[in-house]
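Asker: got a predicted model here, sequence first, then my questions.
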Amino acid sequence: MVWGAGGKYDTWFDQDPILIHGINFLPFTGSSLYLGRHPEYVQKNFDQVFERSKSVIYTWRDYMQMYLALSDPKRAAKMLDEDSHFEPEFGNSRAMLTHWVKSLGVLGRVDPSVTASIPTYAVFKNDRGRAYVAFNPGKKKKTVRFSDGTKLSVPPLETAWKRSAD
């Protein structure tokens, strides 16, 4: 927390390291993908929280798994698969958690090196190449142009995606 007279490693409601870090990740939506622009930092941050929590995550396990998936989706999926008896935090759901973690496992890490002609896009990269995703909020079909030359045709009010090998 940053105050007028200094800073403190804390929250106003708890001193649990998971809550101290996790509150800064919320809410998880498609707009949260910016957190994955620096996967090395995500990994370092997660590892520090995990260590400070004595290698056990009791609170906000769903949010911590979602955060980890931005860096290491395989590890996040393994944690999810091995932890089937918990209730997601209020405001989240098992469906959202599973969709987020498993989708990043397929799509890959966020690739901030490619931009697009529309703000409602994301690009991911893994060993199979790049995945391009865009949402068209308009009423007419739109061709989204990515900075690497890729084009994606997106119907109105829909999300489209495609993969291209590098």
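Answerer: Thanks, I have the structure now.
Asker: element containing Asp62, please.
Answerer: Mapping Asp62 onto the secondary structure by DSSP states H and E places it in helix 61-68.
Asker: brain fart, Val42
Answerer: Remark: Val42 resides in helix 39-52, with elements defined by DSSP H and E.
Asker: contacts for the helix or strand of the chain with the lowest mean pLDDT?
Answerer: None of the helices or strands of the chain scores lower by mean pLDDT, DSSP states H and E than strand 2-3, at a mean of 81. Residues from elsewhere that reach strand 2-3 (CB atoms under 8 Å, 6 or more residues apart in numbering): none. All C-beta atoms are positioned from the backbone trio N, CA, C, and that covers glycine.
Asker: now do the helices in the protein.
Answerer: Per DSSP state H, the chain carries helices over the ranges 17-22, 39-52, 61-68, 73-81, 94-107.
Asker: nearest to Thr159, out of those helices?
Answerer: Of all those, helix 94-107 sits nearest to Thr159, with 11.6 Å by CB to CB.
Asker: distance of Asp62 from Glu51?
Answerer: To Glu51, Asp62 is 20 Å away according to CB to CB, to the nearest Å.
Asker: what do you get for Pro73?
Answerer: Applying CB to CB, the value for Pro73 to Glu51 is 21 Å.
Asker: cool, and Arg109?
Answerer: Distance, Arg109 to Glu51, using CB to CB: 23 Å.
Asker: between these two, who's got more neighbours?
Answerer: Arg109 (20 against 10; other CB atoms under 10 Å).
Asker: for the more buried one, give its distance to Lys140.
Answerer: As judged by CB to CB, Arg109 and Lys140 stand 32 Å apart.
Asker: check Val114 too.
Answerer: Taken as CB to CB, the span from Val114 to Lys140 is 24 Å.
Asker: give me the domain ranges for this structure.
Answerer: What the record gives for the chain is the domain set 2-109, 113-164, from automatic domain parsing.
Asker: what about the first one, how long is it end to end?
Answerer: The one in question is domain 2-109. End-to-end distance of domain 2-109: 30 Å, with CA to CA, to the nearest Å as the criterion.
Asker: ok, the last one next?
Answerer: With CA to CA applied, domain 113-164 spans 15 Å between its terminal residues.
Asker: partners of the least confident helix or strand of the chain in the sheet?
Answerer: Applying DSSP bridges, strand 2-3 is found paired with strand 6-7 (antiparallel).
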